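Novice: need a 3D model of the following:
(one chain, ligands or ions: 1)
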Amino acid sequence: MTTRTPLMAGNWKMNLNHLEAIAHVQKLAFALADKDYDAVEVAVLAPFTDLRSVQTLVDGDKLKIKYGAQDISAHDGGAYTGEISGPMLAKLKCTYVAVGHSERRQYHAETDAIVNAKVKAAYKHGLTPILCVGEELDVREAGNHVEHTLAQVEGGLKDLAAEQAESVVIAYEPVWAIGTGKVCGADDAQEVCAAIRGKLAELYSQELADKVRIQYGGSVKSGNVAEIMAKPDIDGALVGGASLDSDEFVKIVRFRDQ
Ligand SMILES: O=C(CO)COP(=O)(O)O
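Specialist: Residues are numbered from 1 along each chain as shown. All right, here's what the predicted structure looks like:
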């Protein structure tokens with residue numbers, strides 16, 4: 001049985017300017033410094049305009065906090081107004097990049113083919129994609145949530161070699177639980193996360209599936225994180241709203257202390 005280090009990542013979405021980002025990361029670093037948090041990996045997914053400031057702080061103070069972006073262009077460079085490329089993110093030493101977040105799928109019409117191209121762009125430039133998947137409410141109500149989510153996993157990883165896929169992070173984020181306060185029950189989240197691991201075993205191997213970290217995201221808070229993290233196939237959380245409050249995010253990172 002492989003041991004997977006939990007990954008607790010804050011997705012700031014379109015919040016915190018670069019000055020607020022510096023203050024926020026400083027608070028996180030201070031609050032996490034008094035105790036060894038090696039057992040949990042902590043990351044922030046910041047707006048593009050914050051990344052240089054976050055990099056300077058993390059490098060300068062040798063912080064263990066990892067950082068990354070919330071999107072990546074499928075293209076390496078050129079006439080793509082408003083886009084940010086993999087080489088640009090790599091130059092800023094980003095570790096992670098979220099790909100296929102439901103808000104990108106919904107508001108920017110990202111299809112599985114686009115998401116797949118972005119996953120490949122991330123690997124091409126040494127970034128680890130956090131591939132976001134999950135169903136809308138009507139899909140869950142129709143009982144098709146597992147099938148729908150697994151199709152997104154398969155589409156996102158299409159033609160990806162095992163050497164790459166073994167380091168992917170998959171975030172299961174049921175759309176109806178995002179920003180709504182409606183957390184998916186821990187057993188329901190486990191059901192889908194276990195199915196995702198099963199799909200990875202089918203696509204690659206059980207050994208690879210056992211290595212991949214699968215996060216849950218959707219209204220995660222300090223009050224529900226321990227129950228979610230107790231599930232065998234859930235290896236971390238992708239936290240939106242609650243990651244903007246440094247005290248609350250620190251409590252989430254320290255879910256084991258509860
Ligand atoms: O979308 C999310 C993280 O990517 C979840 O957002 P909330 O934690 O605000 O529900």
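Novice: now the one residue in the stretch 101-250 of the chain that gets nearest to the ligand. Nearest residue, chain neighbours left out?
Specialist: Nearest residue of the stretch 101-250 of the chain to the ligand (CB to the nearest ligand atom) works out as G240 at 2.3 Å. The C-beta positions use only the backbone N, C-alpha and C, and glycine is treated the same way. The spatially closest residue to G240, leaving aside those adjacent along the chain, is N11, at 5.2 Å (CB to CB, 6 or more residues apart in numbering).
Novice: the one you found touches V99, doesn't it?
Specialist: No. At 12.0 Å, N11 and V99 do not qualify as touching, with contact defined as CB atoms under 8 Å.
Novice: which parts of this structure sit against the ligand?
Specialist: Residues of the chain that fall close to the ligand, judged by CB under 6 Å from any ligand atom: 11, 101, 173, 178-179, 217-220, 238-242.
Novice: which SS state does I214 fall under?
Specialist: Here I214 is recorded as strand under DSSP: H, G, I helix; E, B strand; the rest coil.
Novice: pLDDT score assigned to the spatially most distant residue from the centre of the chain?
Specialist: Within the chain, the residue lying farthest from the chain centre (CA atoms, centre = their mean) is A79, at 28.2 Å. Note on A79: pLDDT of 98.
Novice: picking that back up, quick one: which of N11 and V99 has more around it?
Specialist: V99 (30 against 26; other CB atoms under 10 Å).
Novice: tell me where the stretch 151-258 of the chain has strands.
Specialist: 169-172, 213-217, 236-239 (DSSP state E, counting those that start in this stretch).
Novice: packing partners of the first one?
Specialist: The helices and strands touching strand 169-172, judged by 3 or more CB pairs under 8 Å, 6 or more residues apart in numbering; DSSP states H and E, are strand 128-133, helix 186-203, strand 213-217.
Novice: how about whatever residue of the stretch 1-150 of the chain ends up closest to the ligand, phi and psi?
Specialist: Distances between the stretch 1-150 of the chain and the ligand by CB to the nearest ligand atom are smallest at N11, namely 3.6 Å. Main-chain dihedrals, N11, degrees, to the nearest 10: phi -100, psi 100.
Novice: that one bridge partners, please.
Specialist: L45 (DSSP bridges).
Novice: contacts only, for it.
Specialist: L45, Q70, A98, H101, G217, L238, V239, G240, S243 (CB atoms under 8 Å, 6 or more residues apart in numbering).
Novice: and the helices in the stretch 51-200 of the chain?
Specialist: 51-60, 86-91, 102-107, 112-124, 137-141, 145-156, 162-165, 186-203 (DSSP state H, counting those that start in this stretch).
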